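S.K.: Sequence first, then the predicted structure:
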Amino acid sequence: MKKRICILLGGCIVGTLLGGLMFIALRYYKVTTVYVEGNIHYNNEEIMDMVMTGTLGNNSLYLALKYKNKGVDNIPFVQTMDVKILSPDTIKITVYEKAMAGYIEYLGRYMYFDKDGIIVESSELQTPGVPQVSGLTFGYVVMHEKLPVENPEIFEDILDITQLLNKYEIQADKILFDKSMRKTLYFGEARVSLGSNDNIGEKIMKLKAILPELSGKKGLLRMDNYSEEMQNITFEIDSE
């Protein structure tokens, strides 16, 4: 009888302790501040909804155990996400998005590819900051495989131009390549003909200064032969 009473008392004490710990965990480890960094495709609220899931999704102790040595993956456009507990009520979510050089339109979807031309994502949505690339010739598209274009060297050109655009914080709507790999950038109804890769760095640097003047204009800015020595640039207004 005494043994049974001791067991019951022990169980009550353990239950009380567990209840107290649960109360403390729920009250003092409730997340009130969340820092999100590295996200482009998704906004902060969307990232938080992906990470802070379940009944205890707003509890830092639960999140610390759930994501210990484990990132969040299998999310479109995201390579992984790491969750770090900064304090009982504060966490930081670091997003590592897939590196995308551009996208093509194929069968009603946007197919995003990386610097090597490998298709990394398929979506019905356009991602801000990623340019459309047109003028590529291919017969089919397979996820996670290289886009089978006629001239694979074109991906080096795409990487060069996108890196320069990022460097000078220029966001183009589209990059068009012709059969000679001469390129044209689109900014709304304004187009910029860059020609070949000759002096491409100088062209993009100059474009940075000119771009505000193209706002609202409809026509073609010719920079094909621009260089420091030959600074000839013309703008041809489109006829109505």
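M.R.: Alright, I've got the coordinates. Just so we're clear, the structure is a prediction, and the values are computed from it rather than from any experiment.
S.K.: Next SSE downstream of the helix or strand of the chain with the lowest mean pLDDT?
M.R.: Scoring the helices and strands of the chain by mean pLDDT, DSSP states H and E places helix 2-28 at the bottom, with a mean of 49. Next helix or strand after helix 2-28 toward the C-terminus (DSSP states H and E): strand 33-37.
S.K.: now what about that next one, what contacts it?
M.R.: With C-beta atoms under 8 Å, 6 or more residues apart in numbering as the test, strand 33-37 has contacts from 44, 47-48, 52, 86, 89-95. Every residue, glycine included, has its C-beta placed from N, CA and C.
S.K.: Quick check: the farthest pair among the residues you listed?
M.R.: Asp89 and Val95 (21.1 Å; C-beta to C-beta).
S.K.: out of those two, which sits in the more crowded spot?
M.R.: Taking neighbours as other C-beta atoms under 10 Å, Asp89 and Val95 compare with Val95 leading, 23 against 16.
S.K.: quick one: buried residues of the helix or strand containing that one?
M.R.: In the assignment (DSSP H and E), Val95 maps to strand 90-97. Within strand 90-97, the residues that qualify as buried are 91, 93-95, 97, counting by 16 or more other C-beta atoms under 10 Å.
S.K.: possible to save these as CSV with pLDDT?
M.R.: Formatted as CSV, the buried residues of strand 90-97 follow (pLDDT from 0 to 100):
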residue, pLDDT
Ile91, 89
Ile93, 89
Thr94, 90
Val95, 90
Glu97, 85
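S.K.: picking that back up, how far off centre is the strand holding Val95?
M.R.: The chain centre lies 14 Å from the centre of strand 90-97; the measure is C-alpha atoms, centre = their mean, to the nearest Å.
S.K.: Same check on stretch 193-205?
M.R.: Centre to centre, stretch against its chain (C-alpha atoms, centre = their mean), the figure for stretch 193-205 is 26 Å.
S.K.: the longest strand in this structure is where?
M.R.: For the chain, the longest strand by residue count, based on DSSP state E, is strand 78-87.
S.K.: Which neighbouring elements make contact with that one?
M.R.: Counting contacts by 3 or more C-beta pairs under 8 Å, 6 or more residues apart in numbering; DSSP states H and E, strand 78-87 packs against helix 44-51, helix 60-66, strand 90-97.
S.K.: got the buried residues for the second one?
M.R.: Of the residues in helix 60-66, 60-63, 66 count as buried by neighbour count, 16+ other C-beta under 10 Å.
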